[in-house]
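Enquirer: Next comes the sequence, and after it the predicted model I'd like to discuss.
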Amino acid sequence: MKLPFFDKAAAGFGSCCDDLKRAMTVPPNPLFRKSESGVLYLTVGYVQSDEGIGWMDQAVIFCPFCGKPLQSKEEIRIKSAEAPSTQQ
């Protein structure tokens, strides 16, 4: 099933402004992450536990530099539902 809003800029994160493009690529920034399902996440914190470090990511809806919409809550919901499960 092809959804029309998947063709928007969300497919090419970093195309809205040079600041986001640089933040994602020069050097590769581990704080921005594009998931296998195509959702852009920003790491907002971490916690140390007995099992190691746990990262807290937040889906990015607007570019943190220029404010352009990158993905909607609906896009994130649909893409996340289609993603393969990582639970064991």
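Expert: Yes, it's here. Numbers count the residues shown, from 1 in each chain.

Enquirer: how about the biggest strand by length in the chain: buried residues?
Expert: Once the chain is assigned using DSSP state E, the strand that runs over the most residues is strand 40-49. Within strand 40-49, the residues scored as buried using 16 or more other C-beta atoms under 10 Å are Leu40, Tyr41. (C-beta placed from N, C-alpha, C; glycine too.)

Enquirer: tell me the angle of the longest helix anywhere in the chain relative to strand 40-49?
Expert: The helix that spans the most residues within the chain, counting by DSSP state H, is helix 73-82. With axes from the mean of the first three to the mean of the last three C-alpha atoms, to 10 degrees defining the directions, helix 73-82 sits at 60 degrees from strand 40-49.

Enquirer: buried sites along helix 73-82?
Expert: For helix 73-82, by 16+ other C-beta under 10 Å, it's Glu75, Ile76, Ile78, Lys79.

Enquirer: Can you give me every residue that contacts the second one?
Expert: In this case it means Ile76. Ile76 makes contact with Val39, Ala59, Ile61 under the criterion C-beta atoms under 8 Å, 6 or more residues apart in numbering.

Enquirer: all strands for this structure, in order.
Expert: Using DSSP E, the strands found in the chain span residues 32-34, 40-49, 52-59.

Enquirer: Contacts for stretch 26-37 next, please.
Expert: Here stretch 26-37 makes contact (C-beta under 8 Å, 6+ apart) with 13, 23-24, 40-43, 57, 60, 79-80, 82-84.

Enquirer: what separates the residue nearest the centre of the chain from Ala83, distance-wise?
Expert: Compute the mean C-alpha point of the chain, and by C-alpha atoms, centre = their mean the closest residue is Leu40, 1.1 Å away. Leu40 sits 13 Å away from Ala83, going by C-beta to C-beta, to the nearest Å.
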